[in-house]
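Student: Here's my sequence, what's the structure:
(one chain, ligands or ions: 1)
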Amino acid sequence: MSSLSPLPAATGAATAAFLRPSLLPPKKSASQLSAYKSRKPYSPHFARISCKTSSSDKEPNNNDQTGPTTRRDILIGMGSLYGAASSLSDPTALANPLQPPDLSKCHPAIKGDAGDTADCCPPFSDQIEFKLPSPKEPMRIRPAAHLVDKAYIDKYEKAISLMKALPDDDPRSFKNQANVHCAYCNGAYDQVGITPSVALQIHFSWIFFPFHRYYLYFFERILGKLIDDPTFALPFWNWDSPDGMQIPAIFADPASPLYDAIRAPDHLPGGSSPLVDLDWSRSAASLTPEAQWQSNRDVMHTQMRVMHTQMVSGAKKRTLFFGTPLKAGDAAANTGQGSIERSPHMNIHIWTGDPKQAHTEDMGNFYSAGRDPIFYCHHANVDRMWDLWKTLGPRRTDFTDPDWLEAAFVFYDEDKNLVRCKVKDCLDSRKLNYDYQKVPLPWLDTKRTPKAKKKTLANAFATEKFANAAPPKKRELTPLSAFPLVLNKAISVVVPRGKRSRTVVEKEEEEEILVVEGIEFDRGNVVKFDVALNDEDDTGVPAGPQDTEFAGTFVNVPHREKQGAPSFKAVLRLGITDLLEDLGADDDDTVVVTLVPKVGEVKIGGLKIDYITD
Ligand code: C2O
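Tutor: Take a look at the predicted model:
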């Protein structure tokens with residue numbers, strides 16, 4: 001496999017090259033410069049709206065204004081936001097999209113445990129509106145990370161080195177870029193205009209894909225600008241293909257600026273279990289490299305099935321793929337993440353982070369994930385999935401709901417402008433002047449292996465005279481009335497289905513979903529549990545991703561928006577129409593749901609089957 005090829009040649013020269021003046025970012029025009037100079041440099045105190053003015057605050061600019069006026073300008077610039085926020089109380093308001101944060105009110109982020117904070121507030125300034133890049137700009141083609149050549153690696157390393165060398169008061173610095181993620185994900189911002197305060201959280205909902213698309217878009221353009229190459233494109237970690245199922249070699253060279261020392265050592269190329277497991281859970285015994293490569297075909301087949309479930313069979317409706325709506329004022333944590341966000345996206349975060357660190361840094365916690373250059377490569381592949389999903393069928397389109405289209409974020413661009421971007425402007429990656437290298441999609445047709453049509457446990461339970469007879473299989477059944485319960489062992493529950501034997505058209509119209517609701521856990525910890533349908537207890541081992549019965553997984557990457565326990569509960573929704581067909585269970589009145597705890601403590605509120613159209 002190409003990803004097993006030797007590491008790229010040592011790149012010390014490129015690493016040191018950032019000191020050469022010729023490689024410094026091109027000089028800004030005078031007007032750009034004065035515009036930027038009038039802003040306050042990064043200062044945690046100022047960021048918390050200190051109105052202190054000192055002589056050192058004075059910067060030469062046209063208005064001869066100082067700190068407080070800069071703050072006033074920001075408020076004026078935010079006027080439209082407050083306007084939007086005030087419409088929250090207006091019951092006739094049509095749309096209520098999520099608003100960008102007020103950077104001046106950024107406060108410390110929470111790493112995981114209460115009281116353990118990180119200061120990741122970025123510099124702030126007045127905003128400009130996002131404009132699409134000129135179509136005359138060259139298209140940036142993002143390559144698969146395991147396929148790049150030496151010239152590309154040199155360029156990429158140089159760009160990251162230059163970014164790392166930028167000073168802390170430059171919003172484009174690697175540190176500040178990493179902090180963007182920390183601030184948006186670990187509670188450094190409250191939603192603007194919402195009382196009592198609700199943390200801004202850009203995971204666990206339909207906001208996930210567009211937020212990360214813009215984040216990478218600007219990150220990539222900053223890198224391109226630093227090396228003066230308008231064609232520069234980030235690589236993507238092709239973890240959806242056997243050839244890409246390792247940490248790409250370019251990130252594993254300790255001499256490279258792409259390296260990060262805070263990763264799970266076992267999972268590095270050459271480590272004891274280097275193969276990405278798309279359904280990884282820390283509790284599973286790690287395969288040795290020999291066993292991994294021996295069972296490679298099986299492992300890969302399982303991996304491709306996981307991908308197929310997340311992209312195809314389990315993602316037939318928009319809310320299943322993107323996640324559920326999040327509007328201004330909604331609290332987000334784990335309310336409704338989409339299929340890819342949940343897995344493999346979350347799994348790979350946790351798999352890459354170092355379990356020996358207090359908060360599974362770097363990749364295994366949102367506050368620190370952006371410190372690992374591999375983050376942006378991982379997310380390029382997540383972003384690629386959005387483009388691919390839309391090619392998989394006629395109903396696979398973006399939302400048209402204004403609450404999604406008008407939702408907005410702010411990012412710093414390659415010219416240090418703070419840019420306000422709306423979801424509606426990022427739907428077509430080609431209009432953002434980037435695209436992905438075409439590589440095979442081995443998961444596309446990796447269907448589940450249908451078992452012989454069998455009388456399912458559910459059917460047996462529902463129709464036979466079980467009162468007099470021994471239960472059909474050893475598995476004990478937990479009644480629905482036992483919920484809420486702490487999931488401390490695998491349990492199986494008979495859940496009634498509202499509809500059965502539906503026609504093809506009905507199935508296209510409405511997707512049958514399994515809803516696991518009222519999920520409670522500590523958001524500062526890794527949590528994972530798996531779900532299987534009609535899993536007969538023939539082996540004593542619950543079904544895993546290698547089995548047809550496997551329906552999906554719930555995963556939490558450690559993060560926290562607020563001190564203390566959140567008052568809301570998470571929900572897991574799994575599309576199961578295809579799976580029930582594969583299991584020959586389409587005519588049954590009930591389905592047996594098995595919940596298998598994998599990592600961490602979790603309480604489950606209940607289970608139900610539902611039908612959704614979108
Ligand atoms: Cu914002 Cu992969 O997380």
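Student: State the distance from Gly314 to Ile609.
Tutor: Noted for Gly314: a distance of 15 Å to Ile609, by Cβ to Cβ, to the nearest Å. Yep, even glycine has a C-beta here, placed from its N, CA and C like the rest.
Student: who has more neighbours, those two?
Tutor: For Gly314 versus Ile609, the count of surrounding residues by other Cβ atoms under 10 Å is larger for Gly314: 27 against 18.
Student: On the three-state scheme, Ala151 is what?
Tutor: The assignment at Ala151 comes out as helix when based on DSSP: H, G, I helix; E, B strand; the rest coil.
Student: tell me the contacts of it?
Tutor: The contact partners of Ala151, by Cβ atoms under 8 Å, 6 or more residues apart in numbering, come to none.
Student: per-residue pLDDT, it?
Tutor: In this model, Ala151 is scored at 98, pLDDT.
Student: and if you look at Trp280?
Tutor: 73.
Student: got it, and Gly270?
Tutor: At Gly270, pLDDT is 89.
Student: who's in contact with it?
Tutor: Per Cβ under 8 Å, 6+ apart, neighbours of Gly270: Ala252.
Student: Can you list the buried residues in stretch 579-590?
Tutor: 579-580, 582-586, 588, 590 (16 or more other Cβ atoms under 10 Å).
Student: how about those, which pair is most distant?
Tutor: The most widely separated members of the buried residues of stretch 579-590, counting by Cβ to Cβ, are Asp582 and Thr590 (17.3 Å).
Student: residues in this structure within reach of the ligand, list them.
Tutor: With Cβ under 6 Å from any ligand atom as the criterion, the chain meets the ligand at residues 181, 185, 203, 212, 345, 349, 366, 369, 379.
Student: Now these in JSON lines, please, with extra columns for neighbour count, pLDDT and secondary structure.
Tutor: Conversion of these to JSON lines gives the following (neighbours: other Cβ atoms under 10 Å; pLDDT from 0 to 100; DSSP: H, G, I helix; E, B strand; the rest coil):
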{"residue": "His181", "neighbour count": "25", "pLDDT": "95", "secondary structure": "helix"}
{"residue": "Cys185", "neighbour count": "28", "pLDDT": "86", "secondary structure": "helix"}
{"residue": "His203", "neighbour count": "26", "pLDDT": "92", "secondary structure": "coil"}
{"residue": "His212", "neighbour count": "24", "pLDDT": "98", "secondary structure": "helix"}
{"residue": "His345", "neighbour count": "25", "pLDDT": "96", "secondary structure": "helix"}
{"residue": "His349", "neighbour count": "25", "pLDDT": "95", "secondary structure": "helix"}
{"residue": "Phe366", "neighbour count": "26", "pLDDT": "91", "secondary structure": "helix"}
{"residue": "Ala369", "neighbour count": "27", "pLDDT": "97", "secondary structure": "helix"}
{"residue": "His379", "neighbour count": "23", "pLDDT": "98", "secondary structure": "helix"}
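Student: Identify, from these, the entry nearest to Thr360.
Tutor: Once Cβ to Cβ is applied, the member of these that ends up nearest Thr360 is His349, at 8.4 Å.
Student: ok, now which ones touch that closest one?
Tutor: 363-364, 369, 378, 557.
Student: 6 Å instead?
Tutor: 363-364, 557 (Cβ atoms under 6 Å, 6 or more residues apart in numbering).
Student: re earlier: just the buried residues of stretch 579-590: which are in helices?
Tutor: Secondary structure from DSSP state H places 579-580, 582 of the buried residues of stretch 579-590 in helices.
Student: now those residues in JSON lines, with pLDDT?
Tutor: JSON lines is the format used below for these (pLDDT from 0 to 100):
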{"residue": "Leu579", "pLDDT": "94"}
{"residue": "Leu580", "pLDDT": "95"}
{"residue": "Asp582", "pLDDT": "90"}
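Student: What is the nearest of those to the ligand?
Tutor: Closest to the ligand out of these is Leu579 (26.2 Å), distances taken as Cβ to the nearest ligand atom.
Student: contacting residues for that closest one?
Tutor: Ala551 are the contacts of Leu579 under Cβ under 6 Å, 6+ apart.
Student: Repeat the analysis, applying 8 Å as the threshold.
Tutor: Neighbours of Leu579 in contact, by Cβ under 8 Å, 6+ apart: 309, 313-314, 448, 533, 548, 551.
Student: how near is it to Asp535?
Tutor: The value you get for Leu579 to Asp535, if Cβ to Cβ is used, is 12 Å.
Student: Any chance of the contacts of Leu579 in JSON lines with secondary structure and pLDDT as columns?
Tutor: Converted to JSON lines, the contacts of Leu579 look like this (DSSP: H, G, I helix; E, B strand; the rest coil; pLDDT from 0 to 100):
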{"residue": "Thr309", "secondary structure": "helix", "pLDDT": "93"}
{"residue": "Ser313", "secondary structure": "helix", "pLDDT": "93"}
{"residue": "Gly314", "secondary structure": "coil", "pLDDT": "95"}
{"residue": "Arg448", "secondary structure": "coil", "pLDDT": "62"}
{"residue": "Leu533", "secondary structure": "strand", "pLDDT": "95"}
{"residue": "Thr548", "secondary structure": "coil", "pLDDT": "86"}
{"residue": "Ala551", "secondary structure": "strand", "pLDDT": "93"}
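Student: May I have the secondary structure class of the residue nearest to the spatial centre of the chain?
Tutor: What sits nearest the mean C-alpha location of the chain, by Cα atoms, centre = their mean, is Glu341, with 4.7 Å. Using three-state DSSP, the structure places Glu341 in helix.
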